[in-house]
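Visitor: show me how the following folds:
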Amino acid sequence: MKNNLAEIVLQNIEFFSLAPDSDIHPDAAVRQLEHIASLLQTLPDAERDCFFEHAAKRLEELRAAGAPKEQVDLLENLQSHLGL
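Guide: Residues are numbered from 1 along each chain as shown. Next up, the predicted model:
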């Protein structure tokens, strides 16, 4: 279950970060990303570490699959992107 929840959060981060302005208003995307980052900050360290471990595994899968550079870059810099 934890991996599924982590994947849901990652997919939302990717959507709000990478979706074109025609899909979502940029201010709304920023607000949602700030909210997600805030919630991640409240997690116990072990749970937050688990989330970022899942993100690292997903990053390796995306690299192997030849994912778009912007998606790979986002996950490479996820912690700093979220201000964590």
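
Visitor: need the residues that contact the helix or strand of the chain with the lowest mean pLDDT.
Guide: One helix or strand of the chain scores below all others by mean pLDDT, DSSP states H and E: helix 78-81, with a mean of 92. For helix 78-81, contacts defined as CB atoms under 8 Å, 6 or more residues apart in numbering pick out 13, 17, 52, 55, 74. In this view, the C-beta of every residue, glycine as well, is placed from N, C-alpha and C.

Visitor: mind listing which of those residues are in helices?
Guide: 13, 17, 52, 55, 74 (DSSP state H).

Visitor: G66: which of those is nearest?
Guide: Distance to G66, by CB to CB, is smallest for L74 among the ones in helices among the contacts of helix 78-81, at 15.5 Å.

Visitor: can you count the residues close to the closest one?
Guide: 20 (other CB atoms under 10 Å).

Visitor: not counting sequence-adjacent ones, nearest residue to it?
Guide: Nearest in space to L74, with sequence neighbours left out and distances taken as CB to CB, 6 or more residues apart in numbering, is S17 at 5.5 Å.

Visitor: was I right about the one you found contacting L33?
Guide: Yes - with contact defined as CB atoms under 8 Å, S17 reaches L33; the gap is 6.5 Å.
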